[in-house]
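Provided below for reference: sequence and predicted model.
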Amino acid sequence: MGNEESSPVDESRPPQTLSERTVKALADYILSGKVSKIVVMTGAGISTSAGIPDFRSPETGLYANLARLNLPYAEAVFDIAYFRENPEPFYALAHELYPGKFRPTVTHSFIRLLYDKGLLLKLFTQNIDCLEREAGVPDDKIVEAHGSFARQSCIDCTRPYPREDIERHINAKEIPRCPVCKGLVKPEIVFFGEQLPAAFFENRTLPMQADLCIVLGTSLSVQPFASLPGMIRESTPRLLINKERVGGLGSGTDDVLLLEDCDSGVRKLAKACGWLEELEALWSKTAPKAAAEVAKASSGLPKTKDEALNDEIDKLTREVDDALNLSKRHEEKVRGEKTSGTSSSRSARKTSSPTSTDPGNLHESADGNLNHIFMPRTVTATLAPADSLHPVDEAKKDITASGGDDKQ
Ligand code: OAD
Ligand code: ZN
């Protein structure tokens, strides 16, 4: 399951930025005008209420339910070496998970709301379901750290492969092959053993500029993504909304934890900010309309006069929304995404400590109390050469250390 926890911050240590470690204080901070650069980090937990299972939840997670695919170990379904030999399990899964059937959750809409308010510096997501885009977060605000189903290519000659062709194959439960070299075609999801996209490396120091970090629905057990919350400056508030405590969140002086469902957590924050109605309105604009359109199209029935009128209204609303978003983006550009550059990140600070930079002594940190899984590996990941930065499953690494099978 999730990354083990470091000790929570000593209650007697006062927060540095917030008035107290509560949602109310976070909302006051957001509304104070001091916040304009929020970095959001997400994982599969934000999509479970859309009906997409996460990976590691004990009974409902994907990895607990892959027996039917006859894998040597669960993560093999996303292992590039295994895929080369046995692409069928991945394609069986792709058939179930392929985007288009799922509605964004209220959490996705919350991220969109942050964007609409000009507060979103960047969204780092590990998810491959494209629901952030469907909720209206623009491409240039998203770093899909583990790729997505948005593009596909040949794993041998890297030639792009047409979307409609892969859709046809996935629907028909067939394995697509490159028309040129006959290599396997794979959606550009980052598998274990593959390099993360350039966008991850280009943006991974961006969290140092953030004035708020929100971590949502992730076990933070896959590196190098798991190192991102450690890049946030020490006095910068971090909010974790997750069913369990993960990744050392809660050990910072300005960490706020909501150990609960993401959707209810973002609603609490939105309510405290006075944004709840806006959030619900935004969310109500997501998929049902699209689903109804698909159903209508596939039923072949002509549209009624009212439906045609509604379509026209929707189209106009979308055009107005797009225009507003354009002007917001312009405003953001003018405001600039400048960094203060004065404080160092938690990991930068830790790397200067002799114990945590020493990979041979990773179980202790200079200031004590930090669990060996999170911070030291943060340091390792931060310092590792780029070509070694492909996803590494922390839990699996531990199994490997005690003699398990690992293809990394
Ligand atoms: P995990 O399944 O590892 O973690 C999901 C986290 O979300 C867990 O801590 C759950 O307790 C929590 N959770 C689930 N549903 C929730 C809900 N409704 N509200 C709040 N919390 C909830 O998923 P990720 O952290 O995203 O990599 O996994 C990271 C990577 O591991 C994935 O991107 C994938 C996988 O192997 C690749 O495919 C390369
Ligand atoms: Zn090819």
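That came through fine. Numbers count the residues shown, from 1 in each chain. Ligands and ions are numbered 1, 2, ... in the order given.

anything in the longest strand along the chain near ligand 1?
Ranked by number of residues, the top strand in the chain under DSSP state E is strand 147-154. No: using CB under 6 Å from any ligand atom, strand 147-154 stays clear of ligand 1, with a minimum separation of 8.1 Å. To be clear about C-beta, it is placed using only N, CA and C from the backbone, and glycine gets the same treatment.

Buried residues in that strand, which are they?
Within strand 147-154, the residues scored as buried using 16 or more other CB atoms under 10 Å are 147, 148, 149, 152, 153, 154.

between the residues you listed, which is closest to residue 46?
Taking CB to CB as the measure, residue 46 lies nearest residue 148 of the buried residues of strand 147-154, at 14.3 Å.

And that closest one, how far from residue 141?
As judged by CB to CB, to the nearest Å, residue 148 and residue 141 stand 14 Å apart.

Any regions of the protein where pLDDT drops low?
Within the chain, the stretches with pLDDT under 70 are 1-7, 287-345, 347-390, 393-408.

For ligand 2, give me its nearest residue in the stretch 1-150 of the chain.
residue 84 (13.1 Å; CB to the ion).

Which of the three states applies to that residue?
Recorded secondary structure, residue 84: helix (DSSP: H, G, I helix; E, B strand; the rest coil).

pretty sure it is in contact with residue 184, am I right?
Yes: contact status for residue 84 versus residue 184: in contact at 6.9 Å, counting by CB atoms under 8 Å.

Run through the residues that contact the residue of the stretch 1-150 of the chain closest to ligand 2.
155, 184 (CB atoms under 8 Å, 6 or more residues apart in numbering).

List the contacts of the longest strand of the chain.
By CB under 8 Å, 6+ apart, strand 147-154 touches 94, 97-99, 127-130, 133, 144, 159-161, 163, 166, 176, 178, 180-181, 183-190, 197.

Helix or strand next in line after that strand, which one?
Beyond strand 147-154 on the C-terminal side, the first helix or strand identified by DSSP states H and E is helix 163-171.

Okay, angle between that next one and strand 147-154 too, please.
Interaxial angle, helix 163-171 versus strand 147-154 (axes from the mean of the first three to the mean of the last three CA atoms, to 10 degrees): 100 degrees.

follow-up on the earlier one: now intersect the contacts of strand 147-154 with the helices, please.
Among the contacts of strand 147-154, the ones falling in helices (DSSP state H) are 94, 97, 133, 163, 166.

Can you say which of the residues you listed are buried?
Neighbour counting with 16+ other CB under 10 Å marks 94, 97, 133, 166 as buried within the ones in helices among the contacts of strand 147-154.

With respect to residue 10, which of the residues you listed is nearest?
Distances from residue 10 to those, taken as CB to CB, are shortest for residue 133 (41.1 Å).

mind listing what the closest one touches?
Taking CB under 8 Å, 6+ apart, one finds 139, 142, 150 in contact with residue 133.

Tell me where the stretch 151-300 of the chain has strands.
For the stretch 151-300 of the chain, the strands defined by DSSP state E, counting those that start in this stretch occupy 185-189, 212-216, 222-223, 238-241, 255-258.

Residue 235: how many residues sit nearby?
Residue 235 has 14 neighbours, counted by other CB atoms under 10 Å.

Could you grab the helix/strand/coil label for the nearest residue to it once chain neighbours are set aside?
Once flanking residues are discounted, residue 235 sits nearest to residue 16: 4.1 Å by CB to CB, 6 or more residues apart in numbering. Assigned with three-state DSSP, residue 16 falls in the coil class.

Give me the distance between residue 16 and residue 29.
11 Å.

Check residue 177 too.
From residue 177 to residue 29 the distance is 53 Å (CB to CB).

try residue 270
Distance of residue 270 to residue 29, computed by CB to CB: 15 Å.

One more: residue 120?
Distance from residue 120 to residue 29, counting by CB to CB: 16 Å.

Looking at these two, which is more packed in?
More crowded of residue 120 and residue 29, by other CB under 10 Å: residue 120, with 23 against 20.

okay but the more buried one is in contact with residue 135, surely?
No: using CB under 8 Å as the test, residue 120 is too far from residue 135 to be in contact (11.8 Å).

Spit out the residues that contact these two alike.
By CB under 8 Å, 6+ apart, residue 120 and residue 135 have these common neighbours: residue 111.

about what we covered before: what about the residue nearest to residue 235, how many neighbours?
Neighbours of residue 16 under the rule other CB under 10 Å: 13.

I figured it hits residue 238, correct?
No: shown here, residue 16 and residue 238 do not form a contact pair, counting by CB under 8 Å, at 12.0 Å.

which neighbours do those two share?
Here residue 16 and residue 238 share the contacting residues residue 254, scored by CB under 8 Å, 6+ apart.

Ligand 2 contacts on this protein?
Within the chain, the residues that sit near ligand 2 (CB under 5 Å from the ion) are 154, 156, 157, 159, 178, 180, 181, 183.

List buried residues within the residues you listed.
In the residues of the chain next to ligand 2, burial by neighbour count holds for 154, 178, 183, counting by 16+ other CB under 10 Å.

Now render those as TSV, adding distance to residue 262.
Listed next are those as TSV, based on distance: CB to CB, whole Å:
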residue	distance to residue 262
154	36
178	38
183	38
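
Now flag whichever of the residues you listed is closest to residue 112.
residue 154 (33.6 Å).

any idea how far residue 82 is from that closest one?
18 Å.
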